[in-house]
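**Q** Let me see the structure of the following:
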Amino acid sequence: MKAPGYRRLNLEYEKMLSNFAFNFNLRCYNLVRAAGGAPIKSAALREVIAGVDLVRRLFDREADNHHAEALLLSQLAAAALRRGGSTRRSTAEVALDASLGSAEEAAAALGATGARVSGPGTGDGAAGGGTGNVNGNSQWAGGATNHQSAFLPVCRVCLALWAVAPACTPLPPGTEARVEALAAALAGVELGPMARAMWGASRRALTGGEPGAAVEADDAADVFTNLDPCFLLE
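**A** Prediction:
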């Protein structure tokens with residue numbers, strides 16, 4: 001009897017990965033690229049964000065679909081990377097550096113446009129973090145990352161960071177300061193709740209925080225508090 005749904009997809013993905021067993025570094029490279037997607041450049045992402053506002057919608061307050069097929073592939077790759085022994089530290093450190101670079105480019109793009117708006121910042125956790133004035137980056141409700149075109153690259157780079165974090169522990173010199181600088185940059189921009197949750201998970205994986213540890217009591221019921229980064233595989 002064939003395994004249903006995502007279980008079967010996972011089995012097929014593992015079968016594909018076995019084809020790379022002869023070259024461990026190539027296998028790791030392909031997994032990281034599948035999880036994180038193409039490198040993010042701030043100028044290109046700003047163009048995507050500008051295009052989001054040209055989309056005419058039927059329901060103003062409805063967030064876009066976060067269940068794209070490309071994201072499923074990324075989550076399968078990230079889950080494979082997280083399994084013990086999947087990644088050499090040297091390879092993981094190269095991937096971490098590249099993924100942090102993409103995340104920094106994304107933060108620059110998301111904070112480059114828009115007026116100050118009142119809303120939740122990124123904080124540290126997977127839920128809302130703090131509230132206050134942040135840089136709005138789109139006319140789309142909840143910000144550009146509530147639209148699939150901007151959410152997908154941001155989510156995928158967070159997945160890549162989350163996936164390689166265990167293989168990079170303890171972090172290379174200077175990386176923790178880089179993560180905290182990125183957190184400070186993202187705290188000042190408007191992120192949709194799913195994007196905030198993904199960044200919270202990747203930051204905790206890198207810094208050793210516990211899921212939901214920094215979430216205030218008022219946010220305890222937030223549906224995103226304990227979001228699994230591979231939520232499509234649950």
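
**Q** residues near Glu234, how many?
**A** Neighbourhood size, Glu234 [other C-beta atoms under 10 Å]: 8. Any C-beta I mention is one placed from the backbone N, CA and C, and that applies to glycine too.

**Q** cool, Asp97 as well?
**A** Counted with other C-beta under 10 Å, residues neighbouring Asp97 total 14.

**Q** give me the element it is part of.
**A** Assessed by DSSP states H and E, Asp97 sits inside helix 89-110.

**Q** With Val223 instead?
**A** In the assignment (DSSP H and E), Val223 maps to no helix and no strand.

**Q** Quickly note the distance from it to Ala201.
**A** If you measure Val223 against Ala201 using C-beta to C-beta, to the nearest Å, the figure is 14 Å.

**Q** Show me which of these two is the more surrounded one.
**A** Neighbours were counted for Val223 and for Ala201 using other C-beta under 10 Å; Ala201 has more, 26 against 11.

**Q** one step back: can you list contacts of the helix holding Asp97?
**A** With contact meaning C-beta atoms under 8 Å, 6 or more residues apart in numbering, helix 89-110 is reached by 25, 28-29, 32, 36, 39-43, 45-46, 49, 87, 135, 137, 143-145, 150, 153-154, 157-158, 160-161, 164-165, 167-168, 172, 175, 178-179, 182, 185-186, 189-191.

**Q** Residue ranges in this structure under the pLDDT threshold?
**A** 1-26, 53-68, 84-86, 112-139, 209-222 (pLDDT under 70).

**Q** which residues in it form helices?
**A** For the chain, the helices defined by DSSP state H occupy 5-17, 24-36, 42-52, 69-82, 89-110, 148-164, 175-187, 193-207.

**Q** For the nearest residue in space to Ala160 that is not next to it in sequence, the count of nearby residues, please.
**A** Leaving aside its chain neighbours, Ala160 sits nearest to Gly36 (3.0 Å; criterion: C-beta to C-beta, 6 or more residues apart in numbering). The number of residues packed near Gly36 is 28, by other C-beta under 10 Å.

**Q** show me the contacts for Gly36.
**A** Neighbour list for Gly36: Ser74, Ala95, Ala98, Ser99, Ser102, Arg156, Val157, Leu159, Ala160, Leu161 [criterion: C-beta under 8 Å, 6+ apart].

**Q** same thing with Leu161?
**A** Taking C-beta under 8 Å, 6+ apart, we find Leu161 in contact with Gly36, Leu96, Ser99, Leu100, Ala103, Ser202, Ala205, Leu206.

**Q** please redo it, this time with the cut-off set to 7 Å
**A** Residues in contact with Leu161 (C-beta atoms under 7 Å, 6 or more residues apart in numbering) are Ser99, Ala103, Ser202, Leu206.

**Q** Also Gly51?
**A** Gly51 makes contact with Ser149 under the criterion C-beta under 7 Å, 6+ apart.
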